[in-house]
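>>> Okay, sequence plus prediction incoming.
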Amino acid sequence: MNLPSLTLYKKVSYQGDFLKFLNGGQFYISSGKLYDLSTNKQLTVINLPEFIRPYANSPLISPDGKQIALFDATDTFVLQSLENGKIILKKNLSQYDGGLFSLTFSQVDPQWKSFAIANKEKGITLFNLQTGEERCQIYSIGLEDILITIPSGYYMATRRGAFEGVSFVQDGQVYDFAQFDFQYNRPDLVLEHIGVSPPATIEAFRKAYERRVAYLGGKPDSNDHNVPSLQFAKELPIFTNEDKVEVAIKTQDAKELLDVIHVYVNGIPLYGKAGYSIKNRKTRAFQHSINLTLTPGDNRVEVEVFNVKLQRSQRIQSMVRCETPTVKPNLHLISIGVSQYAESSKNLLYAGKDAQGVHDLFAGKTDLYGKVNLYALWEKDFSPSNLEKVKQALMQTKESDQVIVFYAGHGVVDSALNYYLGSSNLNFNHPAGSGIRYEQLEALLDGIPARQRLMMLDACFSGEIDKSNAKRIQVENTVVGSVRFRTSDLGLVPNNTAYERSFNLMREWFADLRPNTGATILSSTSGLQQAAEGEQWKNGVFTWCLLEGLKGKKADTNQDGMVMLSELRDYLESAVTGQNRQQQSTFRAENLVVDWRIW
């Protein structure tokens, strides 16, 4: 074996008892003395404990060069002054035994008033450098999501970070994150406790939490702890070779009548958004059983019950692994595009082409799908009667099927800020009489057997509209150069920009716990923005990015040859803004439970 030749870099003082290089080779310790490696000059004498834990970067010199931090044999953190040799702080961290492997002065705090260690739960614990009190624990959830907790139990997290990283235990019972996320997901309190965020940021998150409270129907009554009890009447199997399983539950309420039962499979409400109503039974005790169809792979079964006061039981859950053979799903694609309108001055150039492009893209995708069923509602065919025909067809789908609804055309709002999609006979000044309500289109996905559901909207104002903070204004130009906007001469602006920021923070950071169809709904804009189309794209901006992301696999961000729905969502968020800085692709709803391959 030929070894590379070595060159002497520097001789250091070493008397054989202890030698440790610090801060990436800036300093070294030998025989209780600290040296500057570049000059070999002794800086100070350190009162070392008898034994120092040999963690990767302990001991460590503070960035200002005035302190040294280390762990002794008892896993006690020791902070010592390099100016006078005095011990500044000692804190025993033996509760992290087996997990301590890294120490750093926190760069979260610009004044170096914190230190951080890697903890045994594969996160980072941040401590106050003056008092030794725990500030927070920071966890990485996957590659892109985070969870931050503080000692009082409050936390802040990205939406998926909360879903995947949080659960609650009370009286030996494990609860899903959604059970108490409403109370304990408090970014404002977390940032306030950590103490390094500007007051304006903390206040913005506080308002975002308050907006969420309003959206979910107000704060829970802290003085009334009555909720329905709920349990599985018999245990569900962990594994099964059958595609059916009986789900039996029993529930009762000590004080109130029961109202509705919700059953979810991989985030899909089995009985639709409304649930299974038992209100007319006027009972406080009820047993229910259903023969549930499983799909190959993991089936996350969840059940919850509400009483007539809208008090919710715990959401019980069980994971059932179905070992039946995997088969190609069938795809049901509903492509909708309207470019020609009765009011011809509102005609669009590319909405019809958008729908045709999406239709053609998926039509021959037999490598991924067993069968591709196409429903083309173009121009005058986009009508309530045809939507009803499509809904009847979707009610015949199978649980493993995929359903994609795509719409391109005008998006308008009425005086009450209700959202409508443009049919060809749309009266732009009074859309309620002729437009298609957004809720009508969403209803296509509600209560159908297929459990992989996606809707995409390339239209103005297609994101969720904050009705409490929006107003209509006259728009002077719907055409700017070669760019046309998919709106009438009415636009939307916020009444208060601070409220708009809190609404956006709410949407960005908090999982939406309101009842929904279980579908992911991607929109080309926020609720206040206009969607663009133009000659340079020969499509709507959103649709152009969608086609590029799929057929060119630009949305395959991990380059594994597949485009997952989550990858497509993230790609569109950046790609659309990259093409039109006035337009931000977002989502109206998302299914956090399951991700599926779309291309």
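Perfect, thanks for sending it. Numbering: from 1, shown residues only.
>>> Pretty sure residue 498 sits against residue 207.
Yes. Applying Cβ atoms under 8 Å as the test, residue 498 and residue 207 come out as touching, 7.2 Å apart. All C-beta spots, glycine's among them, are computed from the backbone N, C-alpha and C.
>>> Show me which of those two is the more surrounded one.
residue 207 (18 against 13; other Cβ atoms under 10 Å).
>>> does residue 565 really touch residue 598, like I thought?
Yes. Counting by Cβ under 8 Å, residue 565 touches residue 598, with 5.3 Å between them.
>>> Neighbour count for those two, which is higher?
residue 598 (24 against 21).
>>> any residues in contact with both of residue 565 and residue 598?
residue 454 (Cβ atoms under 8 Å, 6 or more residues apart in numbering).
>>> Grab the longest helix from the protein for me.
For the chain, the helix reaching the highest residue count under DSSP state H is reported as helix 199-215.
>>> Check the average confidence over that one, would you?
Mean pLDDT, helix 199-215: 93.
>>> In terms of secondary structure, what does the helix or strand following that helix contact?
The element immediately downstream of helix 199-215 (helix or strand, assigned by DSSP states H and E) is strand 229-232. On a contact count with 3 or more Cβ pairs under 8 Å, 6 or more residues apart in numbering; DSSP states H and E, strand 229-232 meets strand 244-252, strand 297-307, strand 316-322.
>>> in strand 229-232, what counts as buried?
residue 230 (16 or more other Cβ atoms under 10 Å).
>>> Direction included, what does that strand pair up with?
Neighbouring strands of strand 229-232 in its sheet, by DSSP bridges, are strand 244-252 (antiparallel).
>>> same for the next helix or strand after the strand it pairs with, what does it pack against?
Per DSSP H and E, the first helix or strand lying C-terminal to strand 244-252 is strand 258-265. When contacts are defined as 3+ Cβ pairs under 8 Å, 6+ apart, strand 258-265 packs onto strand 244-252, strand 276-277, strand 285-293, strand 297-307.
>>> Return the most buried member of those.
Greatest average neighbour count among the helices and strands packed on strand 258-265 goes to strand 297-307 (a mean of 20), per mean count of other Cβ atoms under 10 Å.
>>> what about residue 80, is that helix, strand or coil?
Of the three states, residue 80 takes strand under DSSP: H, G, I helix; E, B strand; the rest coil.
>>> who are the neighbours in contact with it?
Residue 80 sits next to 46, 47, 67, 68, 69, 70, 86, 87, 88 when contact means Cβ under 8 Å, 6+ apart.
>>> and residue 345, that's in a helix?
Yes. Using three-state DSSP, the assignment for residue 345 is a helix.
>>> show me what contacts the residue positioned nearest the centre of the chain?
Residue closest to the average C-alpha location in the chain (Cα atoms, centre = their mean): residue 159, at 3.2 Å. Each residue near residue 159 by Cβ under 8 Å, 6+ apart is listed here: 145, 508, 509, 510, 511, 590, 592.
>>> ok, now with 10 Å
Residues in contact with residue 159, defined by Cβ atoms under 10 Å, 6 or more residues apart in numbering, are 145, 185, 507, 508, 509, 510, 511, 512, 590, 592.
>>> coming back round to it: check the offset of the longest helix of the chain from the chain's centre.
18 Å (Cα atoms, centre = their mean, to the nearest Å).
>>> Below-threshold pLDDT in the chain: ranges please.
1-19, 47-58, 96-102, 107-112, 119-121, 218-225, 477 (pLDDT under 70).
>>> so where do the helices sit in it?
Secondary structure of the chain by DSSP H: the helices cover 159-165, 177-184, 187-194, 199-215, 351-363, 384-394, 438-442, 497-509, 541-551, 565-579.
>>> and of those, who's closest to residue 478?
Proximity to residue 478, assessed across those by Cβ to Cβ, is greatest for helix 351-363 (13.6 Å).
>>> Buried ones in that closest one, by neighbour count?
For helix 351-363, by 16+ other Cβ under 10 Å, it's 351, 352, 353, 354, 355, 356, 357, 358, 359, 361, 362.
>>> would you list the residues you listed in TSV and tack on distance to residue 214?
What follows is the buried residues of helix 351-363, written out as TSV (distance: Cβ to Cβ, whole Å):
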residue	distance to residue 214
351	35
352	39
353	41
354	35
355	36
356	42
357	40
358	36
359	40
361	40
362	39
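>>> out of the residues you listed, who's nearest residue 421?
Set against residue 421, the nearest of those by Cβ to Cβ is residue 351 (10.7 Å).
>>> and the closest one, what does it touch?
Applying Cβ under 10 Å, 6+ apart to residue 351 gives the contacts 336-341, 378-379, 407-410, 422, 458-459, 484, 486, 531, 533, 539-540, 543.
>>> ok, residue 580 to residue 478 distance?
To residue 478, residue 580 is 15 Å away according to Cβ to Cβ, to the nearest Å.
>>> Neighbour count for these two, which is higher?
Neighbour count, other Cβ under 10 Å: between residue 580 and residue 478, residue 580 has more, with 24 against 20.
>>> quick one, what contacts the more buried one?
Residues near residue 580 by Cβ under 10 Å, 6+ apart: 483, 524-525, 529-534, 537, 540-542, 544-545.
>>> Against residue 95, how distant is the residue nearest to the centre of the chain?
Counting by Cβ to Cβ - residue 159 and residue 95 are separated by 30 Å.
>>> ok, now residue 125?
In terms of Cβ to Cβ, residue 125 sits 10 Å off from residue 95.
>>> So in terms of bridging, what pairs with residue 265?
For residue 265, the beta-bridge partners are residue 268, residue 301 (DSSP bridges).
>>> hmm, back to that, closest to residue 178 among the contacts of residue 80?
Distances from residue 178 to these, taken by Cβ to Cβ, are shortest for residue 69, at 40.1 Å.
>>> partners of the closest one in the sheet?
Going by DSSP bridges, residue 69 is paired in beta bridges with residue 60, residue 79.
>>> ok, back up a step: give the buried subset of the contacts of residue 351 as a PyMOL selection command.
Filtering those down to the buried ones (16+ other Cβ under 10 Å) takes a single PyMOL command:
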select buried, resi 336+337+338+339+341+378+379+407+408+409+410+422+458+459+484+486+531+533+539+540+543
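>>> coming back round to it: could you name the stretch from the helices and strands packed on strand 258-265 that's closest to residue 323?
Ranking these by proximity to residue 323 (Cβ to Cβ) places strand 297-307 first, at 8.9 Å.
>>> same for the closest one, what does it pack against?
Secondary-structure packing of strand 297-307 (3 or more Cβ pairs under 10 Å, 6 or more residues apart in numbering; DSSP states H and E): strand 173-176, helix 177-184, strand 229-232, strand 244-252, strand 258-265, strand 285-293, strand 316-322.
>>> Against which helices or strands is the second one packed?
So the one you mean is helix 177-184. Against helix 177-184 (3+ Cβ pairs under 10 Å, 6+ apart) you get strand 155-157, helix 159-165, strand 167-170, helix 199-215, strand 297-307.
>>> Kindly recompute the last result at 7 Å.
Applying 3 or more Cβ pairs under 7 Å, 6 or more residues apart in numbering; DSSP states H and E, one finds that helix 177-184 contacts helix 159-165, strand 167-170.
>>> Could I get the ones you listed in CSV, plus columns for distance to residue 403?
As requested, those are arranged in CSV below (distance: least, Cβ to Cβ, whole Å):
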stretch, distance to residue 403
helix 159-165, 23
strand 167-170, 31
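>>> Cool, thanks, talk later.
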